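*Asks:* would you be able to build a 3D model of this:
(one chain, ligands or ions: 2)
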Amino acid sequence: MDLKAHIRGVPDFPKPGILFYDICTLLRDGPAFRAAMTQLADMVRPYKPTMLAGIESRGFVLAAPLALELGLGFILLRKPRKLPGATIGYNYALEYGTDRLEIQADAVKKGDRVVLLDDLLATGGTMSAGIKLLKEAGAEVPLAAGLIELTFLNGRARLDAPFQALVSYDS
Ligand SMILES: O=P(O)(O)OC[C@H]1O[C@H](OP(=O)(O)OP(=O)(O)O)[C@H](O)[C@@H]1O
Ligand SMILES: Nc1ncnc2[nH]cnc12
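*Replies:* Numbers count the residues shown, from 1 in each chain. Ligands and ions are numbered 1, 2, ... in the order given. This next block holds a predicted model:
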């Protein structure tokens, strides 16, 4: 399955100069969505995670079904003020703005092996914040993973964990 054939590039969204890689066109195609989930499962399984975590919101769309597929529990990393109870937060810069991620302080136990999933790695700010939060909460992060990597932004250099993606774009 050629996953790239199902990902649409939308010029000048959400700002002029940004080529937005839209996964909605992949998600809407059953066999392509299935193939992406199977390939993600094959990529993640060797790292022997005990839990999966996903980043709001497009990351949830991939990470929750992947957790089910692998028979694992699922942790939500959310945008600010959405999670009840004590949280740990981290501010970060995006390719097109700034944001903050939060995790529930009791989401992981020391020594949990948590693989972190998002749809796309651009500058790496979001994924880097997610890895920091998981580690601060006590988890090991054997892998961060995505469907898409924008290699020209070199986001993986900012990550304190190995990173893998299914498809990459160099412009
Ligand atoms: O590597 P970075 O430069 O940090 O960019 C990647 C992040 O940007 C997008 O999320 P966005 O904040 O647009 O939110 P969404 O998933 O809710 O659409 C994407 O889903 C990643 O989470
Ligand atoms: N170019 C891009 N396409 C889709 N999502 C993104 N998140 C950050 N940069 C993006």
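
*Asks:* please make it C-alpha for all contacts and neighbour counts, starting now.
*Replies:* OK.

*Asks:* what's the longest helix in the protein?
*Replies:* helix 30-44 (DSSP state H).

*Asks:* let me see the mean pLDDT of that helix.
*Replies:* What helix 30-44 shows for mean pLDDT is 98.

*Asks:* how distant is that helix from the center of its chain?
*Replies:* How far helix 30-44 lies from its chain's middle: 14 Å, per Cα atoms, centre = their mean, to the nearest Å.

*Asks:* and if you look at stretch 70-84?
*Replies:* 12 Å.

*Asks:* buried residues in that stretch?
*Replies:* 70, 72, 74-79 (16 or more other Cα atoms under 10 Å).

*Asks:* hmm, back to that, what's the longest helix of the chain packed up against?
*Replies:* Here helix 30-44 touches helix 24-27, helix 58-70, strand 144-150, strand 163-169, going by 3 or more Cα pairs under 8 Å, 6 or more residues apart in numbering; DSSP states H and E.

*Asks:* can you say which helix or strand has A53 in it?
*Replies:* Per DSSP states H and E: A53 is located in strand 51-55.

*Asks:* does that strand reach ligand 2?
*Replies:* No - judged by Cα under 6 Å from any ligand atom, strand 51-55 and ligand 2 are separated, with a smallest distance of 11.9 Å.

*Asks:* next: stretch 6-26.
*Replies:* Yes - Stretch 6-26 is in contact with ligand 2 by Cα under 6 Å from any ligand atom, via 18-22.

*Asks:* list only buried entries from the residues you listed.
*Replies:* Taking 16+ other Cα under 10 Å as the criterion, what is buried in these is 21-22.

*Asks:* tell me the residues of the chain that contact ligand 1?
*Replies:* 56-58, 94-95, 118-126.

*Asks:* list buried residues within the residues you listed.
*Replies:* Counted by 16+ other Cα under 10 Å, these give 56, 118-126 as buried.

*Asks:* where does this structure dip in pLDDT?
*Replies:* Scanning the chain with the threshold set as pLDDT under 70 gives 95-96.

*Asks:* recalculate using a threshold of 80.
*Replies:* Scanning the chain with the threshold set as pLDDT under 80 gives 94-97.
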